[in-house]
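J.: Build me a model from this:
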Amino acid sequence: MVEIGKFNELRFIKKTENGLILTEGEKEVLLPYVYAPEGAEIGDNLHVFVYIHSDGRLMATTETPIAQVDEFAFLEVVDENENGAFMDMGIGKYVFVPNKEQKRPMKIGQKYVVFLYNDEKTERITASSYLSDFINQDEHDFEEGDEVRLLITDESDLGFSAIINQRFMGLLYRNEVFEDLKPGDQKRGFIKKIREGNKIDLSLQVIGFKHILDLKDSLMIDLQENNGSILLGDKSSPEDIYNRLKISKKAFKKAIGSLYKERLITISDHEIKLVPKEKV
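T.: Numbers count the residues shown, from 1 in each chain. Predicted coordinates for the structure are as follows:
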């Protein structure tokens, strides 16, 4: 069965004046010569992305789209009409977003996070910015501390919503984010907490005791490479700490507190220093 809006392995069965004809055994798909692999021979299996052309034919390309059907993506609006907007998929093929599937009216030249799906009636690739309609939060089996892939979707007073591993939704709290984030950004993240109703809190920093151990090692190396001193301390701002070390102030204070208890460093308001070896 040919999967529209996804990559398929199709067999090359004949040539026409317009391109190569491919099939999975039932339907025929046209691959224009401009996208045909050099040296392809009849009988070869080709890896192609399939979509429905404006004239209704099944078409294929060897180009890689920004996203496939059943995925979330950050796409740009390139055209519109009275029925909706058209977004660029990165392969010269536009995906349609009906007006009813626009959470907020879309504007040409702007980018939005959308979910791609096949319209039930036309089978054409379609997109929606009602992201929560395509998430089943009850299916996740995450544990706190798991590393995940994040796609930032929206910003609110609380923080930043993010798609997790292309399937679920979570939240990064504003007071725990120390870098500029915007919709469309892709980040490595971690499961911080799973709350009632399978709501997921996220972090951009590693979670747990291992994180503190890793930070202690990193700080000791940093101190040794900087003549035994780092100009950050108890009263340094969260922004200064993140800009210098890419960690939160809370994690920083835990790590330096542990190093201080081990008598490896001294701490002042705006500096930490290695204790000379003969004084340890």
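J.: centre of the chain versus stretch 25-36, how much separation?
T.: 31 Å (CA atoms, centre = their mean, to the nearest Å).
J.: An error on my part: the question was meant for stretch 99-111.
T.: Taking CA atoms, centre = their mean, one finds stretch 99-111 lying 20 Å from the centre of the chain it belongs to.
J.: what helix or strand is the closest residue to residue 132 other than its chain neighbours on?
T.: Ranked by CB to CB, 6 or more residues apart in numbering and with sequence neighbours excluded, the top spatial neighbour of residue 132 is residue 169, at 6.6 Å. Any C-beta I mention is one placed from the backbone N, CA and C, and that applies to glycine too. Assigned by DSSP states H and E, residue 169 falls within strand 168-173.
J.: Adjacent strands (with direction) for that strand?
T.: Applying DSSP bridges, strand 168-173 is found paired with strand 159-164 (antiparallel), strand 199-203 (parallel).
J.: Including mean neighbour count, could those strands go into JSON lines?
T.: What follows is those, written out as JSON lines (neighbours: other CB atoms under 10 Å):
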{"stretch": "strand 159-164", "mean neighbour count": "22"}
{"stretch": "strand 199-203", "mean neighbour count": "19"}
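J.: which residues sit in contact with the residue nearest to residue 132?
T.: Going by CB atoms under 8 Å, 6 or more residues apart in numbering, residue 169 touches 131, 132, 135, 137, 153, 161, 162, 163, 200.
J.: Enumerate every residue touching the third one.
T.: When you say that, I think you mean residue 135. 163, 167, 168, 169.
J.: what inclination does the helix or strand of the chain with the lowest mean pLDDT have with respect to strand 199-203?
T.: None of the helices or strands of the chain scores lower by mean pLDDT, DSSP states H and E than helix 209-225, at a mean of 76. Helix 209-225 and strand 199-203 meet at an angle of 10 degrees, taking axes from the mean of the first three to the mean of the last three CA atoms, to 10 degrees as the criterion.
J.: Please compute how far helix 209-225 lies from its chain's middle.
T.: Mean-position distance between helix 209-225 and its chain equals 28 Å (CA atoms, centre = their mean).
J.: strands paired with whichever helix or strand comes after it, and their directions?
T.: Heading C-terminal from helix 209-225, the first helix or strand you meet, by DSSP H and E, is strand 229-230. Note on strand 229-230: by DSSP bridges, its sheet partners are strand 271-274 (antiparallel).
J.: Now do the partner strand: everything it contacts.
T.: Identification of contacts with strand 271-274 by CB under 8 Å, 6+ apart yields 219-220, 223-224, 228-233, 256, 259, 264-266.
J.: same thing but 7 Å
T.: Outside strand 271-274, the residues that touch it by CB atoms under 7 Å, 6 or more residues apart in numbering are 223, 228, 229, 230, 231, 232, 233, 256, 264, 265, 266.
J.: Let me have the contacts of residue 135 in CSV, extended by distance to residue 54.
T.: Shown next, in CSV, are the contacts of residue 135 (distance: CB to CB, whole Å):
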residue, distance to residue 54
163, 30
167, 31
168, 34
169, 34
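J.: List the residues that contact residue 80.
T.: 86, 108.
J.: Make sure it is indeed in a strand.
T.: Yes - assessed by DSSP: H, G, I helix; E, B strand; the rest coil, residue 80 belongs to a strand.
J.: in the sheet, who's paired with it?
T.: With DSSP bridges as the criterion, residue 80 is bridged to residue 85.
J.: Okay, it and residue 105: tell me how far apart.
T.: Relative to residue 105, residue 80 is positioned 9 Å away (CB to CB, to the nearest Å).
J.: swap in residue 161?
T.: Between residue 161 and residue 105 the distance is 20 Å, computed by CB to CB.
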